[in-house]
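Visitor: all I have is the shape, not the residue letters:
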């Protein structure tokens, strides 16, 4: 009775009855298929096969971030090229050529901090321009006023 209950062969009820079935899916095959990808993004074979399995998640996420960053910089390069072409295009007008616009004086802002700093510099520059125009206008008005006063003092005959 004891030898009938314990045997080295698999149970007939294993896997739903009948004979023992091999699993349809082999995880080893999936690991072997993914291995070249992880090598290509910088993971060593020892890290992939022998170290913590969650390390592949970190490598994959780091690769996605690298791709996103590269995509952004390629897009930004396209923006610079496009801006340069638009600025130089007046030279190539067939019937009415004109001077090209100057190349931008500073790079485009990449993050919010740079964007705010650029906006502050631009606001400061505009304020300085407005202040300079106002000063020029005041000087012009003062000059006209002084010339009118001199004319009134001289009796309208001009200066000696």
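Guide: It's in. Predicted, not measured: the structure shown is a model, and the values here were computed from it.
Visitor: C-terminal to the least confident helix or strand in the chain by mean pLDDT, what's the next element?
Guide: When the helices and strands of the chain are compared on mean pLDDT, DSSP states H and E, helix 2-5 comes out lowest with a mean of 50. In the C-terminal direction, the helix or strand that comes right after helix 2-5 (DSSP states H and E) is helix 27-40.
Visitor: so what touches that next one?
Guide: With Cβ atoms under 8 Å, 6 or more residues apart in numbering as the test, helix 27-40 has contacts from 45, 48, 56, 59, 60. For every residue, glycine as well, the C-beta is placed using N, CA and C.
Visitor: drop anything exposed from the residues you listed.
Guide: Buried positions within the contacts of helix 27-40, assessed by neighbour count (16 or more other Cβ atoms under 10 Å), are 48, 56, 59.
Visitor: mind checking pLDDT for the last one?
Guide: When you say that, I think you mean residue 59. Note for residue 59: predicted pLDDT of 96.
Visitor: tell me the domain boundaries of this protein?
Guide: Following automatic domain parsing, one gets these domains for the chain: 24-108, 109-160.
Visitor: weakest of those by average pLDDT?
Guide: Among the domains of the chain, domain 109-160 carries the lowest mean pLDDT (a mean of 86).
Visitor: how far off centre is it?
Guide: Between the centre of domain 109-160 and the centre of its chain there are 39 Å (Cα atoms, centre = their mean, to the nearest Å).
Visitor: hmm, residue 102 and residue 90 touching each other?
Guide: No. Contact between residue 90 and residue 102 fails when scored by Cβ atoms under 8 Å: they sit 11.9 Å apart.
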